[in-house]
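*Asks:* Just a sequence and a predicted model for now, questions to come.
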Amino acid sequence: ASQAHTWLPLDVAQVVAHGYVGFYPESGVYQLYANRLQPAGKGQLYARFEELKQKFQAAGLFDEERKKPLPTNPRRLAVVTSADAAALRDILRVLSARWPLVEVIVFPCLVQGSEAPLQIAKAIAAANRYSETVAPVDTLILARGGGSIEDLWAFNDERVVFAVGASDLPVITGVGHETDFTLVDFVADRRAPTPSAAAAAATPDRSEV
């Protein structure tokens, strides 16, 4: 007999359950006997996240030997994020305090919504072309502020994951808050918990130097 696929709700907010209800009149208790569960709402996104994560892991995109070392004394950084977001202001504030000698080239893009994945992927490619044809870039920071799983979903998109994987520039991700993980975090050369932490990871501290 063929083995049926079993899906178990772990960290899932909503499910669609199929089954029947039993009633016990002695105690006034209802009980749901579910014979089929499917993720719904955020649960569908969590299930899709795990599916994509397994796919990319099997393709070798998360392998440690693919990780590129970060330059210790960068002269020029590329930042891929929204031009008017708090994430960019946080990055520039940290850079000015830690290593003000570094030049910053911003490659603006949407970081949320249906058009964001393609724009992010194009911005990463543009930063690599800039490094090849205009001026050498040492490190690329990919960042956005925190949000819900829906807000951050562009950073789980295949186009963005493959763009990070194909980057010749070392990539540091600073997407969301400390507890947020997206698929680009696993393929990046370094994952930082916030945009500010990504800026710190990209540069030395002048007071220590």
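*Replies:* Thanks, I have it.
*Asks:* Not counting its neighbours along the chain, what's nearest the spatially most central residue of the chain?
*Replies:* Within the chain, one residue has its C-alpha closest to the average C-alpha position: by C-alpha atoms, centre = their mean, that is residue 182, at 3.1 Å. Counting by C-beta to C-beta, 6 or more residues apart in numbering, residue 182 lies nearest to residue 155, which is 3.8 Å off, once chain neighbours are set aside. C-betas here are computed from N, CA, C, even on glycine.
*Asks:* Please report the distance of the one you found from residue 92.
*Replies:* In this structure, residue 155 lies at 21 Å from residue 92, with C-beta to C-beta, to the nearest Å as the measure.
*Asks:* Look at the two and report which has more neighbours.
*Replies:* For the pair residue 155 and residue 92, the greater number of neighbours falls to residue 155 (26 against 15), based on other C-beta atoms under 10 Å.
*Asks:* Secondary structure of that one: a helix, I assume?
*Replies:* Yes: in this structure, residue 155 lies within a helix as judged by DSSP: H, G, I helix; E, B strand; the rest coil.
*Asks:* Do you know the pLDDT at it?
*Replies:* The per-residue pLDDT reported for residue 155 equals 98.
*Asks:* so what does the one helix or strand residue 123 maps to touch, helix or strand wise?
*Replies:* Mapping residue 123 onto the secondary structure by DSSP states H and E places it in helix 116-133. Secondary structure elements in contact with helix 116-133, counted by 3 or more C-beta pairs under 8 Å, 6 or more residues apart in numbering; DSSP states H and E, are strand 76-81, strand 103-108, strand 139-144, helix 158-166.
*Asks:* still on that earlier bit, surely the residue nearest to the centre of the chain and residue 152 touch.
*Replies:* Yes: Residue 182 is in contact with residue 152 according to C-beta atoms under 8 Å; the separation is 5.4 Å.
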